[in-house]
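Got a predicted structure here, sequence first:
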Amino acid sequence: MTAATRVRVRPRPPRVTAGVRTAGTQAFLWVLTVAFLAPVVWAVVSAFKPATAIVSDPLGLDIGTLTWDNFKLMFADVPIGQGFVNTAIVLAAKGSITLFCAPLAGYAFAKYRFPGRNLLFGTVLITLMLPVIVLIIPLLLEMKELGWVNTYQALILPGAVDAFAIFWMRQVIAEIPDELLDAARIDGCGEFGIFTRIVLPVIKPAMAGLAVLTVMNIYNDFVWPVVVASSERMATLQVVLSTLAQNITGNRIGADYATVTGELLAAVSVAMIPLLIIFVFLQKHFINGILAGSMKG
């Protein structure tokens, strides 16, 4: 081989093995996990510490001094039980409306052809772009005219048919082959029967994911409940937590900063329990629901 035809071969850079990449990814995920969980763990552990120890030594832990005093005082000073009851009622009613109406609306947008369908669906999508703060005043005036201020109707009905839920259900149902639905019609199945017997079983994973997101959104909602339900009788859990310091100082003369902090951490720890239970038991369904409809075929 002559010098003219000789080809210079550059040495290839060393490839990063799959094991190294996997280890790096896992290390990064562990760092993120610790960063997200550290404040939660600190809050729960500190809730069992004496109030004075929380202020004097926030990062210290003496197992021998752990106590339930913060929880006992919190339940005595704060109407957190009423907040749980109101939240449960709103969650059951509003969540049921969302999970009933959103799949039906999504089915109509995905599988029916009617005049103005695209315009109507576009209007639904536009509402996703509106900030919540823009809608508060009009909704509050509407609730006042209806006489629904400080009622369950005001907490449940506005936003029950969520635009995001309709959009998600529409995208998932659109992946169902039309031939499957046409075959059911040929066999004599009615439209509602097609929805209940064919569509619903197919979209169960997506509905499970939607159920988890709906529960989290309703449970954590604060802005609308604090505006429309100002009375203590109708306050949801998040509203009760926001006024917790005022309730503690109002119910006990001389309550200091340490006492308020201890009871606040105890209340936050109790409020996290329902969401933790939902996440532990529905984690698999939530992930499957998020992935539902993401791949065609």
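Sure thing, it's come through. All figures in this text were calculated on a predicted structure; none of them were measured in a lab. Numbers count the residues shown, from 1 in each chain.

In space, what's closest to residue 153 - neighbours in sequence excluded?
Sequence neighbours aside, residue 146 is the residue nearest to residue 153 in space, at 7.7 Å (criterion: Cβ to Cβ, 6 or more residues apart in numbering). (Each C-beta comes from the backbone N, C-alpha and C, glycine too.)

Now do the same for the one you found: its pLDDT.
Note on residue 146: pLDDT of 92.

can you count the residues close to it?
12 (other Cβ atoms under 10 Å).

Ok, residue 73 next?
19.

How about the secondary structure of the closest residue to residue 162 other than its chain neighbours?
Take residue 162 and drop its neighbours on the chain: the residue closest to it by Cβ to Cβ, 6+ apart is residue 98, 5.6 Å away. With DSSP: H, G, I helix; E, B strand; the rest coil as the basis, residue 98 sits in helix.

next one: residue 143
Three-state assignment for residue 143 (three-state DSSP): helix.

and the nearest residue to it once chain neighbours are set aside, how many neighbours?
The shortest distance from residue 143 to any non-neighbouring residue, by Cβ to Cβ, 6+ apart, is to residue 154 (4.6 Å). By the criterion of other Cβ under 10 Å, residue 154 has 24 neighbours.

With the one 4 residues further on instead?
If you count neighbours by other Cβ under 10 Å, residue 158 ends up with 18.

can you check residue 262 too?
Neighbour count of residue 262, defined by other Cβ under 10 Å: 27.

just the one 10 residues further on next, same as before
A total of 13 residues lie near residue 272 under the criterion other Cβ under 10 Å.

roughly how far apart are it and residue 36?
13 Å (Cβ to Cβ, to the nearest Å).

same thing with residue 283?
Taken as Cβ to Cβ, the span from residue 283 to residue 36 is 15 Å.

phi, psi of residue 58?
phi -60, psi -40 (degrees, to the nearest 10).

Who's the closest spatial neighbour of it, skipping the chain neighbours?
Closest to residue 58 by Cβ to Cβ, 6+ apart is residue 46, at 7.1 Å.

Can I get stretch 164-181 in PDB? Just the C-alpha atoms.
C-alpha atoms of stretch 164-181 as PDB (Å, rounded to 0.1, in the frame of the first residue of the first chain):
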ATOM      1  CA  PHE A 164     -57.300  19.000  31.500                       C
ATOM      2  CA  ALA A 165     -59.200  15.900  32.400                       C
ATOM      3  CA  ILE A 166     -61.300  16.200  29.200                       C
ATOM      4  CA  PHE A 167     -58.200  16.700  27.100                       C
ATOM      5  CA  TRP A 168     -56.400  13.700  28.600                       C
ATOM      6  CA  MET A 169     -59.400  11.400  28.100                       C
ATOM      7  CA  ARG A 170     -59.800  12.600  24.600                       C
ATOM      8  CA  GLN A 171     -56.200  11.800  23.700                       C
ATOM      9  CA  VAL A 172     -56.400   8.400  25.200                       C
ATOM     10  CA  ILE A 173     -59.800   7.400  23.700                       C
ATOM     11  CA  ALA A 174     -58.600   8.700  20.300                       C
ATOM     12  CA  GLU A 175     -56.100   5.800  20.200                       C
ATOM     13  CA  ILE A 176     -58.900   3.200  20.300                       C
ATOM     14  CA  PRO A 177     -59.500   1.800  16.800                       C
ATOM     15  CA  ASP A 178     -62.700   2.900  15.100                       C
ATOM     16  CA  GLU A 179     -63.100  -0.500  13.700                       C
ATOM     17  CA  LEU A 180     -63.600  -2.000  17.200                       C
ATOM     18  CA  LEU A 181     -66.400   0.400  17.900                       C
END
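
Could you identify the helix or strand that succeeds the helix or strand containing the residue nearest to residue 58?
Using DSSP states H and E, residue 46 falls within helix 18-47. Using DSSP H and E, the next helix or strand after helix 18-47 towards the C-terminus is helix 51-56.

so what secondary structure elements neighbour that next one?
Identification of packing neighbours for helix 51-56 by 3 or more Cβ pairs under 8 Å, 6 or more residues apart in numbering; DSSP states H and E yields helix 257-291.

ok and the helix it packs on relative to helix 18-47, angle-wise?
On the basis of axes from the mean of the first three to the mean of the last three Cα atoms, to 10 degrees, helix 257-291 is oriented at 140 degrees to helix 18-47.

And the average pLDDT for helix 257-291 is what?
The model assigns helix 257-291 a mean pLDDT of 80.

do stretch 26-44 as well
In this model, stretch 26-44 carries a mean pLDDT of 90.

Nice, that's everything, thank you.
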